[in-house]
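S.K.: Okay, structure incoming, though there's no sequence with it:
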């Protein structure tokens, strides 16, 4: 989101710089230019006429259904972008109590070995996210051999992780485990 | 600098703390003339202590972090104290 906004701002500012330089050139008559030619020189002539006609149509209620859909989509997109921009950023660290935090890396290091202890799990992929409230959001993706019972592995891994987290005291607000069948030739461990 | 050193010693003396962390993206340290204390960041209103905990744990991580926070808070003269558990260090059990 921040990168998107940065790109938009860079484009806007570049446009402003271009407009500013063009205006100065015209104001001080640095060359064979006339101020009244500025909109045409910037390529706004056609745009003005088109915009005028379009706004006239909107005012008189003469708008096609496609235009209504596009305008509504633009308004909705603007609203979504505004909400995303106003939303405070996700914290980098997981809050445990008042004044105590744990890094996402430490949570990963605490959880990974527990998942890989499960005999059916060939490889695991862990994603830890910090939240504004205390506790981490942990997403586990376990790779298992084709033909294994994914559901039982999933519940086994889930209970192991929950038990380990309770022992270590790391607060987890959301734990999701997914077991996917994978080709053992492409995983870190082939045989256990 | 003296404050950072005191906090560092207090944190390292806590059972279950393996070492002080160094920070991940930015070095967590307090800088003085020709020296630095790694793992403790002293600000005007806040002190942050970065720790690496010993594994297996002597107690749950939040309790350990809270104990470090209390020890550090008693030495920082009213500044807000934050403890960040940066990593875990697996230490072989001496009884094995």
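M.R.: Thanks, I have the structure now. From a predicted model like this one, the values you see are computed outputs, not experimental measurements.
S.K.: burial count for residue A:103?
M.R.: 21 (other C-beta atoms under 10 Å in any protein chain shown). Bear in mind the C-beta positions are built from the backbone N, C-alpha and C, glycine included.
S.K.: hang on, it packs against residue B:88?
M.R.: No - contact status for residue A:103 versus residue B:88: not in contact, 10.1 Å apart, counting by C-beta atoms under 8 Å.
S.K.: Quick check: closest non-adjacent residue to the residue of chain A found nearest chain B.
M.R.: Nearest to chain B, among the residues of chain A, is residue A:169, at 2.6 Å (C-beta to the nearest C-beta). Of all residues not flanking residue A:169 in the chain, residue B:60 sits nearest, at 2.6 Å (C-beta to C-beta, 6 or more residues apart in numbering or on different chains).
S.K.: Got phi/psi on the residue of chain A closest to chain B?
M.R.: phi 80, psi 10 (degrees, to the nearest 10).
S.K.: Likewise for residue A:70?
M.R.: Main-chain torsions, residue A:70, degrees, to the nearest 10: phi -60, psi -50.
S.K.: What of residue A:28?
M.R.: Dihedral angles for residue A:28 - degrees, to the nearest 10 - are phi -90, psi 10.
S.K.: ok, it - how many residues close by?
M.R.: For residue A:28, the neighbour count with other C-beta under 10 Å is 9.
S.K.: So what touches stretch B:57-71?
M.R.: Residues outside stretch B:57-71 that contact it (C-beta atoms under 8 Å, 6 or more residues apart in numbering or on different chains) are A:96-97, A:99-102, A:110, A:167-171, B:10-11, B:13-17, B:49, B:51, B:53, B:81-83, B:85.
S.K.: hey, where'd the helices end up in chain B?
M.R.: In chain B, the helices defined using DSSP state H lie at B:2-12, B:61-73.
S.K.: Contact distance from chain A - what residues of chain B qualify?
M.R.: Contact residues, chain B versus chain A (C-beta under 8 Å from any C-beta of the partner chain): B:24, B:53, B:55, B:57, B:59-63, B:65-66, B:69, B:80-88.
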